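> take this sequence and fold it.
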Amino acid sequence: MLRLLTKSDYLLRETLLGLKRGGWMNWAAVSTVTVLLFLFGTSLQASWQLDKLLNQFGSQLEVSVYLSTGVQARDIEPLVQAMPEAVEVTTIAKEEAWATLVYDMGLSDITGATEQLNGNPLVDEIKVKAKQSEDVPSLAEKLKQLQGVDEVQYVDEAVQRIAQLNEGLNWVSLGVTALLTLTAIAVITTTIRLIVMARRREIEVMQLVGATTTWIYLPLFCKG
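This next block holds a predicted model:
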């Protein structure tokens, strides 16, 4: 026990003495690593925020489901809500859609317009929002397979662009992280090498008196 305490005391004293001897090299290493860690944290946080923003934007891409004539949205809505990719489902009855269309066209007589077309020509519509932009194509395929669905529409190009941007962002974040990590390792390694070179005579004396390589370099690693 006493031997272990003696070794621990020697290791601690040598580490503190080495830090004191390092002088400006220690401050240079600490300052460089601090800046690198700050840049690393900033880039990582920016990557997370952009990734979150892209996912939120992607989830706003709606899939429009147009039902067949005579099929009501309330009959299909439970099946759509049960899909794991769907996060929000909104139904638009054909009466509501027809009233909105007539208003946008500037027509005041909705009854007359309906009679001229022999009734409401529109069908019920269901708007579905996906959890992530990557889920939109698979969600659209599942919706097409539902009985009573006539057509499914979504902005395919926008989904692909978002997926490509997200993938590119991940690669850039990975590259920056790897570069900063290698730089930090290089700075610390170079600092330790400089300290070893400055103490080479002392190390030679320790080797001559029988000190092992592990015992000589252990304080240096603790300081690093």
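
> in the one helix or strand Tyr103 maps to, which residues are buried?
Element membership of Tyr103 [criterion: DSSP states H and E] is helix 94-104. Of all the residues in helix 94-104, those buried under the rule 16 or more other Cβ atoms under 10 Å are Lys94, Trp98, Val102. Where you see a C-beta, it was placed from the backbone N, CA and C, and this is true even at glycine.

> what are the buried residues along stretch 72-85?
Buried, per 16+ other Cβ under 10 Å, within stretch 72-85: Ala73, Ile76, Glu77, Leu79, Val80, Met83, Glu85.

> what sits up against it?
65, 67, 86, 89, 91-93, 124-126, 128, 130-131, 135, 138-139, 142-143, 146, 148-149 (Cβ atoms under 8 Å, 6 or more residues apart in numbering).

> about what we covered before: just put the buried residues of helix 94-104 in a markdown table and tack on distance to Ala28 and pLDDT.
Formatted as a markdown table, the buried residues of helix 94-104 follow (distance: Cβ to Cβ, whole Å; pLDDT from 0 to 100):
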| residue | distance to Ala28 | pLDDT |
| --- | --- | --- |
| Lys94 | 73 | 78 |
| Trp98 | 74 | 73 |
| Val102 | 75 | 71 |
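
> could I get the phi/psi values of Gly148?
phi 100, psi -10 (degrees, to the nearest 10).

> correct me, but it touches Val71?
Yes: the pair Gly148 / Val71 is scored as a contact, 3.9 Å apart, by Cβ atoms under 8 Å.

> just checking, what packs against the helix holding Tyr103?
Judged by 3 or more Cβ pairs under 8 Å, 6 or more residues apart in numbering; DSSP states H and E, the packing partners of helix 94-104 are helix 110-116.

> on that earlier part again, return the subset of the contacts of stretch 72-85 lying in helices.
Among the contacts of stretch 72-85, DSSP state H puts Ser138, Leu139, Lys142, Leu143 in helices.
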